[in-house]
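Asker: Need the 3D shape of this:
(one chain, ligands or ions: 1)
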Amino acid sequence: MSRILVTGATGQLGRAFQKFSPGYSGHDFIFAGREQLDISKRQSLEEILDKKAIDICINCAAYTAVDRAEEETEKAEAINYKAVTVLSDLTEKRGIVLVHFSSDFVFDGKKCSPYLESDRTHPLGVYGQSKVLGESYILRHHSRALVFRTSWLYSSLGHNFLNSMLRLGAERESLGVVFDQTGTPTHCDDLASAVLEILLRKGGEKNFGLYHYSNEGVCSWYDFAVEIMKLAKLPCVVEPIRSEAYPTAAKRPAYSVLDKSRVKDVFGIEIPHWRSSLEKCFDDLSRTNG
Ligand SMILES: NC(=O)c1ccc[n+]([C@@H]2O[C@H](COP(=O)([O-])OP(=O)(O)OC[C@H]3O[C@@H](n4cnc5c(N)ncnc54)[C@H](OP(=O)(O)O)[C@@H]3O)[C@@H](O)[C@H]2O)c1
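Answerer: Purely as a prediction, here's the structure:
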């Protein structure tokens, strides 16, 4: 039996871990949202790790406001880098396994084929830079860590592209969405259930290191939006636009598809295609909304 701490537990990925934890009844899960545990407070971290005798820490806490980060550089680095170095050192010292998440935004998007774990990082913005700093600290200093880089996370809950499209699609007759940024959406449910499977059933503890995990397949934000409108049966017309027509504070990589061969080969997992996962998410949404 392991005692597993999930930080950032009220974020969209944290909530997916809450959803799947009952399937691992032999283990004791402790879910801590920001109110229960601020990962930038060393003493709070030490207290919970020691008092609860934690064996595994799954860090879902992060600063994720990609555009705001361009202004709030210090805040982004305080959470995604400085707090992560402390969490890494405290867990390493106690022999606690650390699971951490990073992003496709660590890449500049200049490649035309899926990114490998070994590819050079070169982030285009502050958020991506803070994620590079956090992941590389863990990979250099922690001997028992699993770091998963993922992309375009969404779920039926939380602030994400899916929920923005559902809101805008209900309000507008047409919507321009960028078609010149290519990547892969990832359903939080798939990532959380794969990580628990890897950690607790597939020997994650024997294969520490860096892995890429997204859903299978490739699309643009435009393709993703079209599929969302179709499944939601919204009449809103989605029009393809270039990134220049939708300026954002942070530059995004034009191409950020992740190569998942390593995680599939090492752990023998199968990854669902983004279209089938999106359909499943809609099934959940229709059940929740009655
Ligand atoms: N979202 C994406 O598209 C995406 C893509 C690639 C990688 N990732 C990575 O995947 C991981 C999970 O992301 P997500 O989408 O689940 O993000 P999310 O929904 O924004 O959740 C992050 C959670 O962390 C909490 N948090 C922020 N600062 C904290 C602190 N100092 N102490 C404790 N908790 C704190 C947030 O609380 P508040 O809401 O109160 O701030 C929020 O509940 C992150 O590492 C992220 O960088 C995300």
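Asker: Touching the helix or strand encompassing Ile48 from outside, list them.
Answerer: According to DSSP states H and E, Ile48 maps onto helix 42-51. Contacts with helix 42-51, where a contact means C-beta atoms under 8 Å, 6 or more residues apart in numbering, come from 5, 30, 32, 37-39, 54, 57, 86-87, 90-91, 94, 96. In this view, the C-beta of every residue, glycine as well, is placed from N, C-alpha and C.
Asker: let's go with 6 Å and repeat that
Answerer: When contacts are defined by C-beta atoms under 6 Å, 6 or more residues apart in numbering, helix 42-51 is touched by residues 37-38, 86, 90.
Asker: Now do stretch 263-282: distance to the chain's middle.
Answerer: 14 Å (C-alpha atoms, centre = their mean, to the nearest Å).
Asker: Next: stretch 174-189.
Answerer: With C-alpha atoms, centre = their mean, you get 15 Å for stretch 174-189.
Asker: buried set for it?
Answerer: Buried positions in stretch 174-189, judged by neighbour count with 16 or more other C-beta atoms under 10 Å: 175, 177-189.
Asker: For those residues, which two are the farthest from each other?
Answerer: Distance extremes for these: the farthest pair is Asp180 and Asp189 at 28.5 Å, using C-beta to C-beta.
Asker: coming back round to it: which of the buried residues of stretch 174-189 come close to the ligand?
Answerer: Here nothing survives when the buried residues of stretch 174-189 are matched to the ligand using C-beta under 6 Å from any ligand atom.
Asker: and stretch 119-131, which residues are buried?
Answerer: Residues 121, 123-131 are the ones in stretch 119-131 that count as buried (16+ other C-beta under 10 Å).
Asker: how about it as PDB, C-alpha atoms only?
Answerer: Extracted in PDB, the C-alpha atoms of stretch 119-131 (Å, rounded to 0.1, in the frame of the first residue of the first chain):
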ATOM      1  CA  ASP A 119      14.900  16.900 -28.600                       C
ATOM      2  CA  ARG A 120      16.400  20.200 -27.700                       C
ATOM      3  CA  THR A 121      14.000  22.500 -25.700                       C
ATOM      4  CA  HIS A 122      13.700  26.100 -26.800                       C
ATOM      5  CA  PRO A 123      10.500  27.700 -25.300                       C
ATOM      6  CA  LEU A 124       9.000  30.800 -26.900                       C
ATOM      7  CA  GLY A 125       7.500  32.300 -23.800                       C
ATOM      8  CA  VAL A 126       7.800  32.800 -20.000                       C
ATOM      9  CA  TYR A 127       5.400  29.900 -19.200                       C
ATOM     10  CA  GLY A 128       7.400  27.400 -21.400                       C
ATOM     11  CA  GLN A 129      10.600  28.700 -19.900                       C
ATOM     12  CA  SER A 130       9.400  28.200 -16.300                       C
ATOM     13  CA  LYS A 131       8.300  24.600 -17.200                       C
END
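Asker: circling back: so after the helix holding Ile48, what's the next helix or strand?
Answerer: Next along from helix 42-51, by DSSP H and E: strand 56-59.
Asker: Quick one: distance of the very next helix or strand once past that next one to the chain centre.
Answerer: Downstream of strand 56-59, the next assigned helix or strand under DSSP H and E is helix 73-77. The chain centroid and the centroid of helix 73-77 are separated by 18 Å, computed with C-alpha atoms, centre = their mean.
Asker: tell me which residues in helix 73-77 are buried?
Answerer: 75-77.
Asker: What of stretch 221-230?
Answerer: 221-229.
Asker: just stretch 84-100 next, same as before
Answerer: Buried-residue list, stretch 84-100, by 16+ other C-beta under 10 Å: 84, 86-92, 96-100.
Asker: Tell me what Leu146 is bridged to.
Answerer: Applying DSSP bridges to Leu146 gives these bridge partners: Val99, Gly209.
Asker: Could you do Tyr154 as well?
Answerer: His187.
Asker: going forward can the numbers begin at 585, since that is how I track them
Answerer: Got it, first residue is 585 now, which makes that one Tyr738.
Asker: How about the contacts made by it?
Answerer: 744-746, 769.
Asker: quick one: which of the residues you listed sit in helices?
Answerer: Counting by DSSP state H, the part of the contacts of Tyr738 found in helices is 745-746.
Asker: what about Arg785, how many neighbours?
Answerer: Residues within reach of Arg785, counting by other C-beta atoms under 10 Å, total 10.
Asker: repeat for Ser845
Answerer: 12.
Asker: Which residue comes closest to it once chain neighbours are left out?
Answerer: Leu700 (8.0 Å; C-beta to C-beta, 6 or more residues apart in numbering).
Asker: Sounds good, over and out.
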